[in-house]
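Chemist: Let's see this in three dimensions:
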Amino acid sequence: MDSLTEALLEGASPEELERQTLPAEYLAAHLRAEDVGMFGKVEDKDVRKSLHVGNVEMPEIAPDEVVVAVMASSINYNTVWSATFEPVPTFEFLKRYGRQGGYAARHDLPYQVVGSDAAGVVVRVGAGVRRWRPGDHVVVSCVQVDEQEPATHADAMLGAEQRIWGYETNFGGLAHFTVVRASQLLPKPPHLTWEESSANLLTAATSYRMLVGENGARIKQGDIVLIWGATGGLGAFAVQLVKNAGGIAVGVVSSERKAETLRRLGCDVVINRNEIGLGGDDPLTPQRTIELGKRLGRAIRAEVGEDPHVVFDYIGAATFGISVFVVRRGGAVVTCGSSTGYQHQFDNRYLWMNLKRIVGSHAANLHEQAECNRLFRLGHLSPILSEVYPLQDVAEAARLVQTNRHTGKVGVLCLAPEEGLGVTDPELRSKIGEARLNPLRSVSPERVA
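Modeler: Numbers count the residues shown, from 1 in each chain. So this is what the prediction gives:
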């Protein structure tokens, strides 16, 4: 164990952390460029074969960057995409970024440290960093932006140089240390543990932008919101946000086990897709899409008497045509991803003739992330962590997400030696209560080989 890590785990002061030397290498979950193409036409691209855990070199930091000692991180689906080298190998992103030269050239390496969430302690700051210092407890935004780009100042997500850290960049969060821009940092909610804090920001803020922010659906009291995959990392936060806004959450899940989980989250209407014929393998022809849309619409109206105002869809090809059909006249389908495929088919008549809208959404700008993080700090949003793995077993954690056998978020302990550490406001934690803070921790994952 290096001296900096020892100092961190012993609770060293900010001054002591500044005196410590950064290690030349650190442990990290990473991919290897030499493995691109390893899966070929294999149907099951098992991420356990491509994700490696080993030492990598500590990069030099730029003036606007910080080094964070990562206490915990979590698995997001972009790590699955990276580890399967689909839809394109992420090494292509690193090469393109590296061609800018300067500090960007560091990212073009024969390996990529992955991961787009982290909670930890600042241990080094660049010469141009003003708002952060060693010893600060932080969570990390997944979005890196170019503040010199004009579009960034309207909405950071519109900037052409916006990138997702640990997916379109190197030095991600599934590691003992990470290098990020100072503009990615927010204060860690003091009543949460390291692992609880690390599993929130990417998915919660993405859901916030989709539903609450000015750039998304802008839900209001009484809005009926249909949420596909409602126990996943995005969906479970969407349920909480709809409830906080005074809306009516309608969650769709794929099993009775997940339906029970969704009820525990307080979802108003729970629909098991298998019970209305949405779980089969039949191809989604136009006729089949309309048939399933009618079934889903009848099920929703039977419960709440109306069609949904908003559909929250990150599932993609398997659901999108149904989403466009089932949302009410004048309603909106908001999408941030396509885990079942990017080529969406829908009957455009139901869109244009009923004045419906499709809203594309991607991650969240720093202001939206700060507003979302504030909800956690106030105790109005709860973590949706279901299980925690050690960094050495990160490939198993990613496999759980890849095969959709998880609920909520799957956490990963990095430098934190055990769960339950990092709480600096025990009074607020006690006031909120463990049951509310961890509604999914009693849910057992469905193991898969």
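
Chemist: Show the contacting residues for Asp46.
Modeler: For Asp46, the set of contacting residues under the criterion of Cβ atoms under 8 Å, 6 or more residues apart in numbering consists of 399, 402. Where C-beta positions appear, they are placed from N, C-alpha and C, glycine not excepted.

Chemist: biggest strand in this protein, by residue count?
Modeler: Of all the elements of type strand in the chain, the one with the most residues (DSSP state E) is strand 65-74.

Chemist: and it, how far from the chain's centre?
Modeler: The chain centre lies 16 Å from the centre of strand 65-74; the measure is Cα atoms, centre = their mean, to the nearest Å.

Chemist: got the CA coordinates for it in PDB?
Modeler: What follows is strand 65-74, C-alpha atoms only, in PDB (Å, rounded to 0.1, in the frame of the first residue of the first chain):
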ATOM      1  CA  GLU A  65      -7.800  19.000 -13.100                       C
ATOM      2  CA  VAL A  66      -7.800  17.300  -9.800                       C
ATOM      3  CA  VAL A  67      -6.800  13.800  -8.600                       C
ATOM      4  CA  VAL A  68      -9.500  12.100  -6.600                       C
ATOM      5  CA  ALA A  69      -8.800   9.100  -4.400                       C
ATOM      6  CA  VAL A  70     -11.800   6.900  -5.400                       C
ATOM      7  CA  MET A  71     -13.400   5.300  -2.300                       C
ATOM      8  CA  ALA A  72     -16.200   3.800  -4.300                       C
ATOM      9  CA  SER A  73     -17.700   3.700  -7.800                       C
ATOM     10  CA  SER A  74     -20.500   1.900  -9.600                       C
END
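
Chemist: for whichever helix or strand comes after it, packing partners?
Modeler: Proceeding N to C from strand 65-74, the next assigned helix or strand is helix 77-84, under DSSP states H and E. The elements that helix 77-84 packs onto, with contact taken as 3 or more Cβ pairs under 8 Å, 6 or more residues apart in numbering; DSSP states H and E, are helix 394-402.

Chemist: Who are the packing partners of the helix or strand just after the helix it packs on?
Modeler: Using DSSP H and E, the helix or strand that follows helix 394-402 in sequence is strand 409-413. Under the contact criterion of 3+ Cβ pairs under 8 Å, 6+ apart, the helices and strands touching strand 409-413 comprise strand 65-74, helix 194-198, strand 385-390, helix 394-402.

Chemist: which of these sits most buried?
Modeler: Burial of these is given as mean neighbour count (mean count of other Cβ atoms under 10 Å); helix 194-198 ranks first at a mean of 31.

Chemist: Report the angle between the next helix or strand after that helix and strand 65-74.
Modeler: Once the chain leaves helix 194-198, the next helix or strand it forms, by DSSP H and E, is helix 201-211. Helix 201-211 and strand 65-74 meet at an angle of 90 degrees, taking axes from the mean of the first three to the mean of the last three Cα atoms, to 10 degrees as the criterion.

Chemist: how far away is the nearest residue to Val143 once chain neighbours are set aside from Ile315?
Modeler: For Val143, ignoring the flanking residues on the chain, the nearest one in space by Cβ to Cβ, 6 or more residues apart in numbering is Ala363 at 5.1 Å. Using Cβ to Cβ, to the nearest Å, one obtains 18 Å as the distance from Ala363 to Ile315.

Chemist: Kindly list the longest helix within the chain.
Modeler: helix 286-304 (DSSP state H).

Chemist: counting contacts, what elements does the helix or strand following it pack onto?
Modeler: Following the chain from helix 286-304 toward its C-terminal end, the next helix or strand by DSSP H and E is strand 310-313. Based on contacts counted as 3+ Cβ pairs under 8 Å, 6+ apart, the elements that strand 310-313 packs against are helix 201-211, strand 224-228, helix 233-244, helix 320-326, strand 332-335.

Chemist: Would you mind extracting the C-alpha trace of the strand or helix carrying Tyr350 into CSV?
Modeler: The secondary structure element spanning Tyr350 is helix 348-352 (assigned by DSSP H and E). Taking Å, rounded to 0.1, in the frame of the first residue of the first chain, the C-alpha atoms of helix 348-352 are listed here in CSV:
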residue,chain,number,x,y,z
ASN,A,348,-45.2,8.5,-37.6
ARG,A,349,-49.0,9.1,-38.0
TYR,A,350,-49.4,8.7,-34.3
LEU,A,351,-46.7,11.3,-33.7
TRP,A,352,-47.6,14.1,-36.1
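
Chemist: Need the residues that contact whatever helix or strand comes next after it.
Modeler: The first helix or strand that comes after helix 348-352 along the chain, using DSSP H and E, is strand 357-360. Strand 357-360 has contacts (Cβ under 8 Å, 6+ apart) with 210, 216-217, 324, 331-336, 351.

Chemist: Can you convert the helices and strands packed on strand 310-313 into a markdown table and add a column each for mean pLDDT and mean neighbour count?
Modeler: Conversion of the helices and strands packed on strand 310-313 to a markdown table gives the following (pLDDT from 0 to 100; neighbours: other Cβ atoms under 10 Å):
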| stretch | mean pLDDT | mean neighbour count |
| --- | --- | --- |
| helix 201-211 | 97 | 28 |
| strand 224-228 | 98 | 30 |
| helix 233-244 | 96 | 26 |
| helix 320-326 | 97 | 26 |
| strand 332-335 | 98 | 25 |
